[in-house]
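1. My questions are about this predicted structure, shown below with the sequence.
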Amino acid sequence: MNMNPLTSEQVVSNAYPQWLVQLLDALFRFLHIQADVPQALILLLWGVILFTMVAVLAQVAVIWMVFLERNVLACMTQRKGPNRVGPFGLLQTLADGIKLLFKEDIMHREQDKLLSTLGPAIFFLPCFVFYGLIPFSEALQGVTLPAGALFIFAISSISVLGIVISGWGSNNKYALLGGMRSAAQAISYEIPLILAVLGVVLYTGTMNLRDIVDLQFFAHPTSTMEPIARNYIGASIDSLGAFFGQLANIGQWSLWRWNVLTMLPVGCLIFFICAIAEVNRIPFDLPEAESELVSGYNTEYSGMKFALFFLAEYAALFAMCAFTVAFFFGGYHSPFGFYISDTALLRNALPQMPAEIFTMLKQLEMISWFTLKTYFFIFVAMWWRATLPRLKPDQLMGFSWKFLLPLALVNIFVITFERYWHIAWPAPGQAVLFENWQFIAWLAIALVAFGGFAILSSNLLNDKLNARLSNR
Amino acid sequence: MSTSTQTPAFPEIPGVLTEQGLSTNDLVVNIGPQHPSTHGVLRLITTLNGEVVKDMEPVIGYLHRSKEKMGETRSYFQYQPTIDRVEYLSSFYDHYAYVTAIEKISNLIVPRRVEYIRMITMELNRITSHLLWFGTFLMDLGATSPLFYAFREREAIIKLFEDVTGARMMYNYYRFGGVNADLPVGWINQCLKVVNDLPKAFDEYEAIVTQNPIVLDRTIGVGKLTKEDCLKYGVTGPTLRSTGVSLDLRKTNPYSVYSEVDFDVPLGTHGDVYDRYMIRVQEMRESVKIIQQALKQIPGGDTANVAQKEKEIAEATRLAKEQGLDPTNIPKMDPDWLIQGQKVNLMVFKPAAGEAMSLLESPRGFLGCYLISDGSPKALRVKWRGASFSNLSILPHLMIGNMYPDLMPIFGSLDVILPEVDR
Amino acid sequence: MSEESAKQNSPEEKAETENKAAAPPKADAEKAPAAKPAASTAKPAEAPPPREPGEFGKSLEQAGIAVTHLGKDAMGIEAIALSTHDLLKGAEHLRDKCAFDLLVSCSSVDFKTHRQSVYHLYSINQNKTLAVKVDAETRDGKDYSPSVYPIWPACDWHERESYDLMGIHYEGHPNLQRILMPVDWLGHPLRKDYTVDDPRLVWNER
């Protein structure tokens, strides 16, 4: 079976652009170097340029997120938030960053200099590697790995090492406790996280993030895994009437092909909860529990090293929300089934424009959709922060091992059946009974599995509650 | 407290495999004196086994400002402003204890209007104190928003205090046999408006906190106490009432005019953190009830009435003088309406010799002021019995065997104010 | 623990003796406190006015415990005085027979001639308060008083505070250490002879 339906003509080539070759050629001629421009140099340089772009993007995203978070929290707690530096306080985070940059890097005598310096770097690195993997749009993705999903989780577990190392290297008891908590938490939550993604991988049949995203747009509603029917409808929209008609035709929206709605709502829930736990945010912010551990693993850090932790946390939050969007919410694709910037209507209205402009506009729209969805989840994370108290370590572990892990297994169990029978949701109007007995059987299995889990776990919860009440 | 943990002569080397398994060391964490959740300057020498507390020894005294010695070296009136600092979150109570002790020793008359004003301000102060506790308690649990919500209401009440006393924190409002000044005109209606809005705000708090599953998980069954434990450590106030003991001095030994208002004493059944939380929230509602009644019953009503009456009397006196009428027929001010029972020259004030222990129910429990006067302008002895002092002493008992993260709900639920502990 | 306290006490004692030499008592001119403590046998100048026995004083008397009745204080709280010898017996009686289950506070008062501990008790069942006063015994220039820790463990921190600030040694207290002042503080600040020009402050303010 063709597991990777997006072949070379779909995947935007990662090869370097020609202008870079010409630029280097000119440079070589200027320097009187007689050799041809080596291929390796171009590739390397292009990689560096891409990564720099992504890194800058990440920084900007973090700065914006900090500002957003402060304002969202302020709004939710009836305060004003930053409003002094720059218009609407927009430059506040920049000012804070500059302050942190110039702050003295205080290290006490008993600190392990090497480890405590390495810690932030190790913590920081994976969070930015993520940015190279995030598919912002068809064209804007640092690197399209065939095993992208695998790589993400291989990388994400490294950042925990950074926390543990800095917790140990700080030679501070709070930091040590924070580091140890972080290790325990990461181990507990990585497993349901990966199992949730395993569900996605089973369902879509690919580990390539780009493919996972595209499958949620192009796949026909009646066949999730058949080679993609390219039913892109943008070309048919040539008038405002058609535009609004398509917009009103809710049944045709690609929204309904998002993984979260087709097969994986449970997986999505598990993934997002675990993602929040991965990035140590309330209610899972035990490693830096302010009221208990002062500041946890970053208690002894100041200046730019602290800023690295700070940056990396927000970068990781952005990345995790971005992955939630990519895996479950259609990635960079529009929910309507067509792109507003890629319709015949727009092309006809602006006939003089070169085609590249429209391509660019489409990419920009994709980036916008992606960012919009991502920021929605970031907002949800901030909302949680304003609402929920912190869990206790044992409750945190219990929640992961006793609830999320079994649920993720049940989820995989159900998806396995779906894959085995090649189940697809029936198209509207298609007869369900008898012709599609597998669907019925699968539906029954899914109902029994999830329902059984729900009953079982609620019984267990009730038992726990009763035990707790009687033990009061 | 207990120095039971014996330090071995040679510390075990952690990570060495012995016959009993992997040898480990206990972690001694010095929580405080500066720590986000010690609510002041408290040091807890905590021995942790993993995250389980094996031993805990509170070290206090970092905030000792020798308030009791100051009481002996200053005249009664000079000492009064410093009382606010004994316990700055509910300083009306400290003032009340001190002022009542002196009034009782020297038999000063306290008009009923004054007692009502005192009761209203004290109950408002109970609400502000509990609101601050509510915010910081949930802050300790990791929830940041309730603090701001609580401060929103607290601000409204503090504005009321500011109107009455001129200060937001250190009120210094009560005087021997009276209060510093009468309520501002219109204050009673203003107060009634604020107070009537409070239950809605409490509903809002409860909506976000009381049924929150994480809050329930972290508070139910945590830090359980029995009546015997409380008595063993001299714990009073909401913490004692959470075990089901109905001991509220406002009800059992009514002082001021508490016998003239109707209110309930909320009781718990299990003595855990959740019960203490619920009791405090309900106490705020009861305080609202008390204030609402008191604002209706206060003799003289709004200050405008009193001023009007005063004017009438002055007018009548003037007329009587002009016309040479019998001055006994002039209408007299109702003694209940006054804000000073009798003139006291504060600068040379000497109460009679005697002693008094004035006990009252502060937001944290029993607050006592033991005052001995030898007839001189300075007290022979002023002893403050703060509820926090005894309430804090139970902390090791509650914490040993619990997990370290339980320290925050447990310590928070005791509502300890360190200045009151150290004085 | 005992070693520790012994260590702590040694410089303190030294300083106290020094202080006695340095600052002679100037209290003679001042009037004696009018609120007479119970066992005012030390002061024969004024005879204590007769006080009618209170409810709990009577109960103690019936149990054969020597009590000095002190009437009621200004708040209407009954006050009695017990000798150091009878304190524990009386306390046990008060707890078991008179249901005084809550120790509210332990205060200490310096009357210049002697030091006194005042225990305020509260009975949850009867809603009544009682003040029990005990004059400390002076031996070798130090004040001693029995600890009521076996009866009311709640006195733990209160007695430590009294020891710390007034220097009354509570015998039988399990952990009699300074609580508010630093462990190596010299002198007991609430005593009347401890003033701002106390020479010990030089050491304390180091």
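-> Thanks, I have it.

2. Return the residues in contact with residue B:188.
-> Contact partners of residue B:188, counting by CB atoms under 8 Å, 6 or more residues apart in numbering or on different chains, are B:295, B:298, B:301, B:302, B:303. In short, each C-beta sits where N, CA and C put it, glycine included.

3. and the first one, what helix or strand is that in?
-> Read it as residue B:295. Counting by DSSP states H and E, the element that carries residue B:295 is helix B:273-297.

4. I'd like the distance from that helix to the chain centre, please.
-> In terms of CA atoms, centre = their mean, to the nearest Å, the centre of helix B:273-297 is set 13 Å apart from its chain centre.

5. Let me have the contacts of residue B:188 in a markdown table, extended by pLDDT.
-> What follows is these, written out as a markdown table (pLDDT from 0 to 100):
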| residue | pLDDT |
| --- | --- |
| B:295 | 90 |
| B:298 | 87 |
| B:301 | 80 |
| B:302 | 81 |
| B:303 | 81 |
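
6. what subset of these is also close to chain A?
-> Restricting these to those within reach of chain A (CB under 8 Å from any CB of the partner chain) leaves nothing.

7. which of those residues tops the neighbour count?
-> residue B:298 (21 neighbours; other CB atoms under 10 Å in any protein chain shown).

8. Could you look up the SS state of residue B:62?
-> Secondary structure of residue B:62, reduced to three states by DSSP: H, G, I helix; E, B strand; the rest coil: coil.

9. And the helices in chain C, which stretches?
-> When assigned using DSSP state H, the helices of chain C occupy the ranges C:2-22, C:55-62, C:87-96, C:155-166, C:200-204.

10. between these, which gets the lowest average pLDDT?
-> The stretch with the lowest mean pLDDT among the helices of chain C is helix C:2-22, which comes in at a mean of 42.

11. picking up where we left off before, which of the contacts of residue B:188 lies closest to chain C?
-> The shortest gap between chain C and any of the contacts of residue B:188 belongs to residue B:298, at 24.7 Å (CB to the nearest CB).

12. Which residue, other than its chain neighbours, is closest to residue A:317?
-> For residue A:317, the nearest residue in space outside its immediate sequence neighbours is residue A:279; the separation is 4.8 Å by CB to CB, 6 or more residues apart in numbering or on different chains.

13. May I have the phi/psi pair for the one you found?
-> The phi/psi pair for residue A:279 (degrees, to the nearest 10) reads phi -100, psi 20.

14. so who does it touch?
-> By CB under 8 Å, 6+ apart, the neighbours of residue A:279 are A:313, A:316, A:317, A:320.

15. Filter those down to the buried ones, ChimeraX style.
-> The ChimeraX selection below is limited to those of the contacts of residue A:279 classed as buried (16 or more other CB atoms under 10 Å in any protein chain shown):
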select /A:313,316,317,320
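
16. quick one, longest helix in chain B?
-> Assignment by DSSP H gives helix B:112-141 as the longest helix of chain B.

17. Is there proximity between stretch B:59-66 and chain C?
-> Yes. When contact is scored as CB under 8 Å from any CB, part of stretch B:59-66 falls within range of chain C: B:60, B:61, B:64, B:66.

18. Most neighbours among the residues you listed, please name it.
-> Of these, residue B:60 is surrounded by the most neighbours, 24 neighbours in total, counting by other CB under 10 Å.

19. In this structure it contacts residue B:42, no?
-> Yes. Under the criterion of CB atoms under 8 Å, residue B:60 lies in contact with residue B:42, with a separation of 6.3 Å.

20. Relative to chain A, which residue of the stretch 51-200 of chain B is the closest?
-> Ranked by CB to the nearest CB, the top residue of the stretch 51-200 of chain B for proximity to chain A is residue B:142, at 2.8 Å.

21. Same question for chain C.
-> In chain C, no residue comes nearer to chain A than residue C:124, which is 22.6 Å away by CB to the nearest CB.

22. Would you mind measuring from that residue to residue B:332?
-> Remark: distance between residue C:124 and residue B:332 (CB to CB, to the nearest Å) = 45 Å.

23. More neighbours: these two, which one.
-> A direct count of neighbours by other CB under 10 Å for residue C:124 and residue B:332 places residue C:124 higher, at 18 against 9.

24. which residues touch that one?
-> Listed by CB under 8 Å, 6+ apart, the contact partners of residue C:124 are B:245, B:247, C:99, C:101, C:102.

25. how does it look with 6 Å?
-> The contact partners of residue C:124, taken as CB atoms under 6 Å, 6 or more residues apart in numbering or on different chains, are B:247, C:101.

26. Now it. Its backbone dihedrals?
-> Note on residue C:124: backbone dihedrals following degrees, to the nearest 10 are phi -70, psi -40.

27. Can you report how many residues neighbour residue A:19?
-> Residue A:19 is flanked by 8 other residues according to other CB under 10 Å.

28. again, but for residue B:48
-> Residues near residue B:48, counting by other CB under 10 Å, number 19.

29. right, and it touches residue B:24 too?
-> No. Applying CB atoms under 6 Å, one finds residue B:48 not in contact with residue B:24, separated by 10.9 Å.

30. mind checking how far the residue of the stretch 151-300 of chain B found nearest chain A is from residue C:117?
-> When you check the stretch 151-300 of chain B against chain A by CB to the nearest CB, the closest residue turns out to be residue B:270, at 4.1 Å. Remark: distance between residue B:270 and residue C:117 (CB to CB) = 36 Å.

31. Counting neighbours, go ahead and name the busier of these two.
-> A direct count of neighbours by other CB under 10 Å for residue B:270 and residue C:117 places residue C:117 higher, at 28 against 19.
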